[in-house]
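Peer 1: got a predicted structure plus its sequence, pasted below:
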Protein chains: 2
Amino acid sequence: MNDWRNNLRKIEPYVPGEQSKDKNIVKLNANENPYPPSPKAIKAIKEFNAESLRLYPHANATPLKAAIAEYYGVETENVFLGNGSDDVIALAFQAFFNGEKPIAYPDITYSFYPVWCRLFGIPCKTYPLDENFRINAEDYKEENGGVILPNPNAPTSICEGEGFIRKLMDYNRDSVVIIDEAYVDFGGYSCVSLTKEYENLLVTGTFSKSRSLAGLRIGFAIGSKALISVLEAVKNSYNSYTVDALSIAAGIASIKDGKYFKETISKIINTRARLTNELKALGFEVLDSSANFVFATRKDRNMKEMFEYLKTKKVFIRYFNLPRIDNYVRITVGTDEEIDILLKEIKNYLGR
Amino acid sequence: MNDWRNNLRKIEPYVPGEQSKDKNIVKLNANENPYPPSPKAIKAIKEFNAESLRLYPHANATPLKAAIAEYYGVETENVFLGNGSDDVIALAFQAFFNGEKPIAYPDITYSFYPVWCRLFGIPCKTYPLDENFRINAEDYKEENGGVILPNPNAPTSICEGEGFIRKLMDYNRDSVVIIDEAYVDFGGYSCVSLTKEYENLLVTGTFSKSRSLAGLRIGFAIGSKALISVLEAVKNSYNSYTVDALSIAAGIASIKDGKYFKETISKIINTRARLTNELKALGFEVLDSSANFVFATRKDRNMKEMFEYLKTKKVFIRYFNLPRIDNYVRITVGTDEEIDILLKEIKNYLGR
């Protein structure tokens, strides 16, 4: 017997991380920026001619592309925009990973890569991080249908440098390599300038972390015109108008406000140093972070239990019940006041 | 020799319709609403706590779903949200059209259906509209992998009634049927209430036309929990946060402002009647519209030439160089002032 249910997509529902709208929570679980967006971005929203929302936004969001291009010293044609960097990377998987060979990424990395592979039917192969949670460039010498990795990696927080990226590109002349730089602005090494040298290198970024605009959904990619034109073709076959008119206006104001950007980044880097030192003083091992979060463990204590204890104290951090990292916690760098509360509760937990 | 270009997606770039930011243009080419969004939606944007944009939006946009559910008399679990209805329909293609048999839609219809079939590798078959541009329900008796059609249809503007939809559902007990109601609020028949009877019926809608929020990108779908849960699973495997925080706030304010909605709809319906009558008086055949546009021809004149003439006069309408409709024009119902200018220029063209 036929049934319409037969043609439904069989897919394991991906469950987004928990959210709480409780204002009293110390929310250090989603790598959100503790500081508000640039006052200029807020002004752009308040002063936006909302009557014009009756019109479709610019299909190519060119004014925001131009502002991003100017910031990174590339041409507008080297910039792609999407509805958050998840949208950009999902489109890039469809645009670039169409071979028979598996695409390659680390065993410990952003949790969406395997989800997209399942969704689009892309074969994949993972390569284990070394014992210090570093990515071994030599692993990616093996033939593959593409490479993707975040740099800094998540949730490890570790950033690899130019030498690593150049090796990766030398080993992968026949694949598209995507470097996901969602966290790079917090002191990491950005390989955007290498996109001029390597036509098969795509770098993705987001306004959600360093620019405090997670609520608006702005992601971008920078690469050769050869790559960007294919991304545009796939995007324009999917949804022409992905970036809304308010996001375009606020995004432009944000990227032009270099002063505020540097100030907030600097505050987060300072708080990260303090958090790292205090955790170490409490007996934790803390990986060397170039991101707006730290990845930490105390091998003699149960991190899942600590994570759950902190939740009862309304301090939300992140725990991953995954091989190799199931005794680690990921802590977003909040304000100094939030970190004070976190450290107090960690001390309470350890002293119980 | 291997090359990274081998794995790039081979896809014909879809080119979005032309846009102009020239304020002096009479823009009747994109089916945009001539009236601004509800003042309550504008207020929601102006008063939005923009500092909170540092946080991710609600992953399931539940507050907006609840407002839409209340408006349509369904449960929140019957509502799906996306980044414009193109996003919703593209996800629905991936969620529901996974069979071997071709999906079915009319030969003259929304131009994105074949684009999505190509993108996702879905086989498709078109069924010709009859000589009056009506959809023949009997055509859809043939076995298929799914059915999609807009009601009112685009660009014909014609709406089919409850009897047609019930026939369609009776003939298609083994397929998911998607009715795309982007234009239904302008006096068409909506089958939303039938989703309670037919578990395999999905109805999609948008805030871009009747709610004047094209710039914000809000699309939705209403259907059984069986359908919505699969759509959610696919969406959460693609991009968890598709509807941004400002769109959620403005969308809620818009759907709760029934008074303004009815007033603007009523103005558009009145202007449509006047436009239809005046075009008929000028010798045009005008299809019976239930949408915010009319589809018209003068068989003794060249409509492509008229379209191009109007463009030189800064009056933008839409022309499709497609079989069967290549001597028709699609005209968005603007304000009465815009229609005055349009009619004056059409008279000038005809009198040349």
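Peer 2: Cool, the structure landed.
Peer 1: next one: stretch A:143-160, is it in contact with chain B?
Peer 2: Yes. Judged by C-beta under 8 Å from any C-beta of the partner chain, stretch A:143-160 comes into contact with chain B at A:Gly145, A:Gly146. Every residue, glycine included, has its C-beta placed from N, CA and C.
Peer 1: enumerate the positions of that stretch that are buried.
Peer 2: Buried residues in stretch A:143-160, counted by 16 or more other C-beta atoms under 10 Å in any protein chain shown: A:144-160.
Peer 1: now stretch A:264-281
Peer 2: By 16+ other C-beta under 10 Å, the buried positions in stretch A:264-281 come out as A:Thr264, A:Ile265, A:Ile268, A:Ile269, A:Thr271, A:Arg272, A:Leu275, A:Thr276, A:Glu278, A:Leu279.
Peer 1: ok, now stretch A:91-106?
Peer 2: Buried-residue list, stretch A:91-106, by 16+ other C-beta under 10 Å: A:91-99, A:101-106.
Peer 1: check whether stretch A:234-248 comes near chain B.
Peer 2: Yes. Against chain B, stretch A:234-248 shows contacts by C-beta under 8 Å from any C-beta at A:Val234, A:Asn236, A:Ser237, A:Tyr238, A:Asn239, A:Ser240, A:Tyr241, A:Thr242, A:Asp244, A:Ala245, A:Leu246, A:Ser247.
Peer 1: residues contacting A:Leu149?
Peer 2: A:Tyr105, A:Pro106, A:Thr109, A:Ile135, A:Ile178, A:Ile179, A:Asp180 (C-beta atoms under 8 Å, 6 or more residues apart in numbering or on different chains).
Peer 1: return the residues in contact with the first one.
Peer 2: If I follow you right, that is A:Tyr105. With C-beta under 8 Å, 6+ apart, A:Tyr105 has these contacts: A:Tyr113, A:Cys124, A:Thr126, A:Tyr127, A:Val147, A:Ile148, A:Leu149.
Peer 1: now swap in the second one and tell me
Peer 2: The neighbourhood of A:Pro106, defined by C-beta under 8 Å, 6+ apart, consists of A:Thr126, A:Tyr127, A:Pro128, A:Leu129, A:Ile135, A:Leu149, A:Asn153.
Peer 1: which of the residues you listed fall within strands?
Peer 2: A:Thr126, A:Tyr127, A:Leu149 (DSSP state E).
Peer 1: in CSV: these, plus distance to B:Lys256 and pLDDT.
Peer 2: Listed next are the ones in strands among the contacts of A:Pro106 as CSV, based on distance: C-beta to C-beta, whole Å; pLDDT from 0 to 100:
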residue, distance to B:Lys256, pLDDT
A:Thr126, 48, 98
A:Tyr127, 52, 98
A:Leu149, 45, 98
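Peer 1: neighbouring contacts of the strand or helix carrying A:Leu168?
Peer 2: According to DSSP states H and E, A:Leu168 maps onto helix A:162-171. The contact list for helix A:162-171 (C-beta under 8 Å, 6+ apart) reads A:135, A:137-138, A:140-141, A:147, A:151, A:177, A:179, A:189, A:191, A:194, A:197-198, A:200-201.
Peer 1: up against chain B, what does the stretch 51-200 of chain A have?
Peer 2: Residues of the stretch 51-200 of chain A lying close to chain B by C-beta under 8 Å from any C-beta are A:51-60, A:83-84, A:86-87, A:90, A:94-99, A:115-116, A:118-119, A:145-146, A:172-176, A:199-200.
Peer 1: where does chain A dip in pLDDT?
Peer 2: Residue ranges of chain A with pLDDT under 70: A:1-2, A:14-18.
Peer 1: how about the contacts made by the residue nearest the centre of it?
Peer 2: Nearest to the geometric centre of chain A sits A:Ala182, at 3.4 Å (C-alpha atoms, centre = their mean). By C-beta under 8 Å, 6+ apart, the residues touching A:Ala182 are A:Ser85, A:Pro150, A:Ala154, A:Thr204, A:Gly205, A:Thr206, A:Ser208, A:Lys209.
Peer 1: A:Asp288 and A:Pro128, how far apart?
Peer 2: 19 Å (C-beta to C-beta, to the nearest Å).
Peer 1: quick one, longest helix in chain A?
Peer 2: Using DSSP state H to define each element, chain A has its longest helix at helix A:258-281.
Peer 1: and the nearest residue to A:Ile108 once chain neighbours are set aside, how many neighbours?
Peer 2: Spatially, and ignoring its direct neighbours in sequence, A:Ile108 is nearest to A:Leu129 (5.2 Å; C-beta to C-beta, 6 or more residues apart in numbering or on different chains). Close neighbours of A:Leu129, defined as other C-beta atoms under 10 Å in any protein chain shown, add up to 20.
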